[in-house]
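# Turn this into a structure:
(chains A and B)
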Amino acid sequence: MKRRPDWSSLLTPLPGRWAIGLGVVGVASLLAVWAAVTYSGMVEPFFLPSPTAVGHAFYDLLMNFGFLEDIWASLRRILVGFVLAVVLAVPIGVAMGSMATVQSMLEPILGAARYMPATAFISLLIIWMGIGEAEKSGLIFIGVFFPLCLVIADAASATPRERLNAAYTLGASRARAFWNVLLPSTMPQIIDLLRIAAGWAWTYVVVAELVAADSGIGQVIITSGRFLRTDQVIAAVLTIGVLGLITDLFFRVLYKRLFPYAERVTR
Amino acid sequence: MSTISVRNVSKTFAMRSGTRTALDSVSLEIPSGSFTCIVGASGCGKSTLLNMIGGLDTPSAGRIEVAGSVVEGPGPERGMVFQSYALYPWLRVRQNVEFGLRMTKRPKSTWKQVSEGLLEEMGLSDFADAYPRELSGGMRQRVAIARALATDPPVMLMDEPFGALDALTRIGAQRLLLDIWQRHRRTIVFVTHDINEALLLGDQLVVLSSSPGRVKELIPVGFSRPRTAEIAGTAEFTQLRERVLSMIFDTSPQSARRPDVRSASA
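Take a look at the predicted model:
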């Protein structure tokens, strides 16, 4: 006899099969509502085209509008901006979180920079770098780098003090305590924060492509919008959703691979 | 010799409402190879005192010497065991035990022999390749003890190591600790709020009074060794226990200083 899971129990994970099944139910319900309001004619196609119309638009974008190249253009910008931000933010964030001297020096700068919206830098970026690829990746960099430094600093500073103290009583020097305790202790959270930061990168790539771009998913969205092609806009937006989901999945798999000892993946 | 001498040690903390004195001129001599338990109500500064012996905290006044040299920071000659185990979740049990050997740069060829010997003593041989999260609380604490023993420190400082264990696991852990101490004699300083535990384990009890923490009395515990939990049933044990309790709560008849005395069973 198969045991049914308890549906309403709090903070209890579901067995994998059920978790996936419920995910499918969720997506299917959304699709069903979408289909119901569009096929029935309740909502005009101009405002919300039917699922099939969006499917057609997606196919059309791929075949006749070179959408794959747009996707690649966006991905490339993200890769450059995001990787650069990560490469700098991880060491700076960890140093900030673990050493009060670095913290005191950088906190005012990063704290203020965090409140400056990345979008406010667009004009400056254009003046500095023109309207090419550098400007697009630059915006992603600014959007990701500053907040990432701060959340990584938080994660590093939350290292349980006793783990470090235990290392010192076991003969570890400061440097060894850093490399052998603080860093491995913080690593899982860093990977998880990168996953969340990848989401920010997707937001900023679209923003970057709304201004002076001749390629990219964001540019497709703005152009389709000008031509009132709701179906294409939705197809492009959904594409971002799916690509975002794939990036998320990538980081989750990476997390599981790197940290087989970890209790669980956070949200 | 690894005698520990605490000389006139005070510790004050700066608070918003002024300074708080956690420990007030505490002086202690802990003989080499002895098992000393520090007991006192919560907040009496017993963990602070232990941390200062461990070098994780510095006295505001006075000084602490271990084996003749002044404590200036933590070191592998003073192993510590924490209530929260403080194991490294990313390392397997064996690697956790070998951590100190790695940090003190002992030859790699010796690691395995040391860790396997200790894990066997702790009854954990089958779990050498497990991660800490796969172990129960009692097993985790045994790994932490093995880790502290690996570098063979002459002094072991234990901060309520069994505080998070359930009653039965705790009895097993106490037995194991006595056993280990019997075999490899070293100076143990053991902080606890459980007087039964202190009387079962210790050669001497340091009773601290609270706010500010002062050494109220040094009580020698004379039960013959090896000891078992059965000594808790003897009249001598009960008497000693009552004496310690009344000292902690200051209910002894000759001192009517405090009006707000609480019952000893609290």
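
# okay, CA-based contacts and neighbour counts for the rest of this
Fine.

# neighbours of the residue of the stretch 151-266 of chain B found nearest chain A, just the number please.
Across the stretch 151-266 of chain B, the shortest distance to chain A (CA to the nearest CA) belongs to B:T151, at 7.5 Å. Per other CA atoms under 10 Å in any protein chain shown, the neighbour tally for B:T151 reads 25.

# so where does the most centrally placed residue in chain A fall, helix or strand?
For chain A, the residue nearest the mean C-alpha position is A:G199 (1.6 Å; CA atoms, centre = their mean). In this assignment (DSSP states H and E), A:G199 forms part of helix A:183-210.

# elements contacting that helix?
helix A:67-98, helix A:133-157, helix A:217-226, helix A:230-258 (3 or more CA pairs under 8 Å, 6 or more residues apart in numbering or on different chains; DSSP states H and E).

# Quick one: list the elements packing against the second one.
Packed against helix A:133-157, as judged by 3+ CA pairs under 8 Å, 6+ apart, are the following elements: helix A:67-98, helix A:100-115, helix A:122-129, helix A:183-210.

# How far off centre is the shortest one?
Looking back up the chat, that one is helix A:122-129. 24 Å (CA atoms, centre = their mean, to the nearest Å).

# do the same with the longest one
How far helix A:67-98 lies from its chain's middle: 10 Å, per CA atoms, centre = their mean.

# residues in chain B within reach of chain A, list them.
Residues of chain B lying near chain A by CA under 8 Å from any CA of the partner chain: B:54, B:56, B:74-82, B:84, B:86-90, B:99-100, B:103-104, B:131, B:133, B:148, B:151.

# What subset of the residues you listed is buried?
Neighbour counting with 16 or more other CA atoms under 10 Å in any protein chain shown marks B:54, B:56, B:74-82, B:84, B:86-90, B:99-100, B:103, B:131, B:133, B:148, B:151 as buried within those.

# These in helices, which ones?
B:54, B:99-100, B:103, B:148 (DSSP state H).

# farthest-separated two in the residues you listed?
The most widely separated members of these, counting by CA to CA, are B:G54 and B:F99 (18.0 Å).

# Let's check: the centremost residue of chain B is which one?
The residue lying closest to the centre of chain B (CA atoms, centre = their mean) is B:F190, at 2.1 Å.

# got a list of what it touches?
B:35-38, B:157-160 (CA atoms under 8 Å, 6 or more residues apart in numbering or on different chains).

# helix or strand for the spatially closest residue to B:I231 that is not a sequence neighbour, which one?
Sequence neighbours aside, B:F237 is the residue nearest to B:I231 in space, at 6.7 Å (criterion: CA to CA, 6 or more residues apart in numbering or on different chains). Assigned by DSSP H and E, B:F237 belongs to helix B:235-249.

# same question, A:G26
A:G26 belongs to helix A:16-39 when assigned by DSSP H and E.

# Buried ones in the next helix or strand after that helix, by neighbour count?
With elements assigned by DSSP H and E, the helix or strand that comes after helix A:16-39 is helix A:51-64. By neighbour count on 16+ other CA under 10 Å, the buried set for helix A:51-64 is A:51, A:53-55, A:57-58, A:61.

# quick one, domains of the chain?
This is for chain A. Following automatic domain parsing, chain A resolves into domains at A:16-43, A:51-258.

# was after chain B, sorry
Split by automatic domain parsing, chain B gives B:1-73+B:155-164+B:186-266, B:78-152.

# quick one: what helix or strand has A:W7 in it?
With DSSP H and E as the test, A:W7 turns up in no helix or strand.

# about what we covered before: among the residues of chain B next to chain A, which are located in strands?
B:78-81 (DSSP state E).

# per-residue confidence at A:L88?
Note on A:L88: pLDDT of 97.

# Report the contact partners of it.
With contact set as CA under 8 Å, 6+ apart, A:L88 has these partners: A:F145.

# Give me the distance between it and A:F82.
10 Å (CA to CA, to the nearest Å).

# number of nearby residues for A:F259?
Number of residues near A:F259 (other CA under 10 Å) recorded here: 18.

# Please look at it and A:P188 and confirm they touch.
Yes. Using CA atoms under 8 Å, A:F259 is in contact with A:P188, at 6.8 Å.

# and the helices and strands packed on helix A:183-210, which is most packed in?
Each of these was assessed for mean neighbour count using mean count of other CA atoms under 10 Å in any protein chain shown. The highest is helix A:133-157, with a mean of 24.

# That one: what's the following helix or strand?
Following helix A:133-157 in sequence, per DSSP H and E, is helix A:161-169.

# Render the CA-only coordinates of that following helix in CSV, please.
In CSV, the C-alpha atoms belonging to helix A:161-169 read as follows (Å, rounded to 0.1, in the frame of the first residue of the first chain):
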residue,chain,number,x,y,z
ARG,A,161,31.8,32.1,15.9
GLU,A,162,32.4,28.7,17.6
ARG,A,163,33.5,27.1,14.3
LEU,A,164,36.3,29.7,14.2
ASN,A,165,37.1,29.4,17.9
ALA,A,166,37.3,25.6,17.6
ALA,A,167,39.8,26.1,14.7
TYR,A,168,42.0,28.4,16.8
THR,A,169,42.0,25.9,19.7
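
# What is the burial count for B:T187?
24.

# Settle this for me: it is touching B:F35, isn't it.
Yes. Using CA under 8 Å, B:T187 makes contact with B:F35 at a distance of 6.0 Å.

# What segments of chain B are strands?
B:4-15, B:18-30, B:35-39, B:61-66, B:69-70, B:78-81, B:155-159, B:187-191, B:204-209, B:214-220.

# same question for the fifth one, mean pLDDT?
So the one you mean is strand B:69-70. pLDDT averaged over strand B:69-70 gives 93.

# next one: the last one
The average pLDDT within strand B:214-220 is 90.

# Go through that strand and flag the buried ones.
Those would be B:214-216, B:218-219, for strand B:214-220 by 16+ other CA under 10 Å.

# Next: the third one.
Judged by neighbour count using 16+ other CA under 10 Å, the buried positions of strand B:35-39 are B:35-39.

# Can you give me the buried ones in stretch A:163-180?
Result for stretch A:163-180 [16+ other CA under 10 Å]: buried residues A:163-173, A:177-178, A:180.

# Is chain B within reach of it?
Yes. Stretch A:163-180 lies within reach of chain B by CA under 8 Å from any CA, at A:163, A:165-173, A:176.

# how long is that stretch from one end to the other?
Stretch A:163-180 has an end-to-end distance of 10 Å (CA to CA).

# where's it relative to the chain centroid, distance-wise?
Taking CA atoms, centre = their mean, one finds stretch A:163-180 lying 34 Å from the centre of the chain it belongs to.

# now what about that stretch, what contacts it?
Counting by CA under 8 Å, 6+ apart, A:181-182, B:54, B:56, B:74-81, B:86-88, B:99-100, B:103-104, B:148, B:151 sit against stretch A:163-180.

# any idea how far the closest residue to chain A within the stretch 101-250 of chain B lies from B:P132?
In the stretch 101-250 of chain B, the residue that lies nearest chain A is B:M103 (5.0 Å; CA to the nearest CA). Shown here: B:M103 relative to B:P132, a distance of 20 Å by CA to CA.

# got it, and B:F237?
Applying CA to CA, the value for B:F237 to B:P132 is 37 Å.

# The closest residue to A:P15 other than its chain neighbours: neighbouring residues, count only.
Excluding its sequence neighbours, the residue lying closest to A:P15 (CA to CA, 6+ apart) is A:P5, at 7.6 Å. Other residues near A:P5 come to 12 when the count uses other CA under 10 Å.

# Can you read off the pLDDT for A:P5?
According to the model, A:P5 scores 72 on pLDDT.

# secondary structure class for it?
coil (DSSP: H, G, I helix; E, B strand; the rest coil).
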